[in-house]
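J.: test case, fold it:
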Amino acid sequence: MIDRLRRLLLGAAAGLGLGTAGASASASAAAWRLRPLVAPQPLRQLCADGRGGWLGIDDAGRLWALDGNATRALADELDPTTPLATGHGRVVARRADGRLWVDGNAQDIQIAAHAGLLVLPQALITIDGEGLDARMVRMEADVAGRWRVAARGRDHVLPDARSLLVDLDGRGDGGHVLVLGGPDARRYTHAVLGDGIEATRVLWLDRHNLQPLRTLELPDPQVLEDIAPRLWHGGGGTGLISMLSDAQGARLVLIEADASHPERLVITARGEPIGTRHRWMAASTDGQRLVAVHMPHLSGVLTVYRRQGDALLGHALVRGVSNHAIGTRELDVSAWHDGQFLVPDAAAPRLRRFDIDAARELPGVDLPARLRQIVSGPTPALLTVDGMAYRLIPA
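T.: The predicted structure follows:
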């Protein structure tokens, strides 16, 4: 099983000023179509396998390889609600019984439900515990291939946080672990992202011992209404985009290393708040371009942002899109491909496509059902709410 897995991985232009592409559109604006990714059972989640193919887990917890030529069963009894992770020749998941699963083998380590899994060359980083008592753990394999806890963080984190590896202050040492912490269930009782726990801290942890290198702490009543900050280079450096919420609703914020205090992270730029409590926005970026869908559960206003000093200035392009279903942990049901932004229509089963640089809408794609997930790759892959998977390819 391990060898097989390692071979698998290694070997409306609604009128807010937005135009639509016409018959003279360039090749990049050409229409796209769907090609099915066949699976024996409806799928619950998709994941890129790292070599141009796809992995999927069905509702029963079976793992499938979907490479376009043949569908192969790789494992069963996995947790379909916790995200798969791949990297450095490994496939990592959570089993239905809560144990860590690596390359076909169950390990004697319990990990948190819904937690993100970060795959490093010599380690895995995830979360154990639950509710307000969740902490980061680093796991390493012994000579027999058994994974053991090598380090445990002391700081509480969101139980469903998705961590990422990032170099925030130019150390040049391969980066360290960024995760949302300070779980709180009192300050902001909105609960639209899967539970009622929100973040009040941002932690940048040493990837080896999981001790803090830099932190940001928000004052009451502010929270970060998020589980997965986004890496952004469009503000002039390396920073993180998240959504800060308080009595004025959500706004985008840019978080960077504080040049004056080596132990701190700081908010260096802010967008305008929506203006009403319990109104949220879902950000998306390709690392350079930055957008957010304001109120994706209501009006769905696609807004493009740019930085100007300590401000993130937003310009509304179009209404009627949505990249989040209320109550779910899939915070950004959208994708970027060749500079284009792909996002579902809010009212109809249709994928809409935008050239953000040119501020115009390109030909979209009608869908057989509404979308649950979009996964970036050489060509984007789509998963509909009825469990069917598709590749998106030029027509």
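J.: if I look at N323, how far off is P344?
T.: 7 Å (CB to CB, to the nearest Å). C-beta here means a position set from N, CA and C on the backbone, and glycine is covered the same way.
J.: so what sits against both of those two?
T.: Residues touching both N323 and P344 (CB atoms under 8 Å, 6 or more residues apart in numbering): V333, S334.
J.: the residue nearest the centre of the chain and H297, how far apart?
T.: By CA atoms, centre = their mean, the chain has its centre lying nearest to A228, at 5.7 Å. Computed as CB to CB, the A228 to H297 distance reads 18 Å.
J.: how about P344?
T.: Applying CB to CB, the value for P344 to H297 is 13 Å.
J.: shared neighbours of those two, anything?
T.: Shared contacts of P344 and H297, defined by CB under 8 Å, 6+ apart, are found at S322.
J.: more neighbours, those two?
T.: P344 (27 against 16; other CB atoms under 10 Å).
J.: dig out what the more buried one forms beta bridges with.
T.: With DSSP bridges as the criterion, P344 is bridged to L351.
J.: next, count neighbours for D258.
T.: D258, neighbours per other CB under 10 Å, totals 17.
J.: what sits against M295?
T.: I274, R279, W280, M281, V301.
J.: contact partners for the fourth one?
T.: For M281, the contacting residues are M243, A250, R251, L252, I274, A292, V293, H294, M295, P296, T303, taking CB under 8 Å, 6+ apart as the criterion.
J.: and it, what's its pLDDT?
T.: pLDDT, M281: 98.
J.: list the contacts of H114.
T.: T81, T82, P83, P159, D160, G194, R329.
J.: OK, contacts around the residue nearest to the last one when sequence neighbours are not counted?
T.: The shortest distance from R329 to any residue that is not its chain neighbour, by CB to CB, 6 or more residues apart in numbering, is 4.2 Å, and that residue is G194. With contacts taken as CB under 8 Å, 6+ apart, G194 has the following neighbours: H114, D160, I227, G327, T328, R329.
J.: please flag which of these sit within strands.
T.: With DSSP state E as the criterion, strands contain none of those.
J.: kindly give a single PyMOL line that selects the buried subset of those residues.
T.: Buried members of those, defined by 16 or more other CB atoms under 10 Å, are picked up in PyMOL with:
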select buried, resi 114+160+227+329
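J.: quick one: the contacts of G194 as TSV, columns for distance to L34 too.
T.: Below are the contacts of G194 laid out as TSV (distance: CB to CB, whole Å):
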residue	distance to L34
H114	29
D160	30
I227	29
G327	27
T328	22
R329	25
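J.: you'd agree D76 is up against W64?
T.: No: the pair D76 / W64 is not scored as a contact, 10.2 Å apart, by CB atoms under 8 Å.
J.: of those two, who's got more company?
T.: W64 (23 against 13).
J.: T384 and L351 touch, don't they?
T.: No: using CB under 8 Å, T384 is not in contact with L351, being 10.5 Å away.
J.: got any ranges where the chain has weak pLDDT?
T.: 1-29, 68-69 (pLDDT under 70).
J.: I'd like the next helix or strand past the strand of greatest length in it.
T.: Identified as the longest strand of the chain according to DSSP E is strand 147-157. Next in sequence after strand 147-157, counting helices and strands by DSSP states H and E, comes strand 164-166.
J.: all good on my end, thank you.
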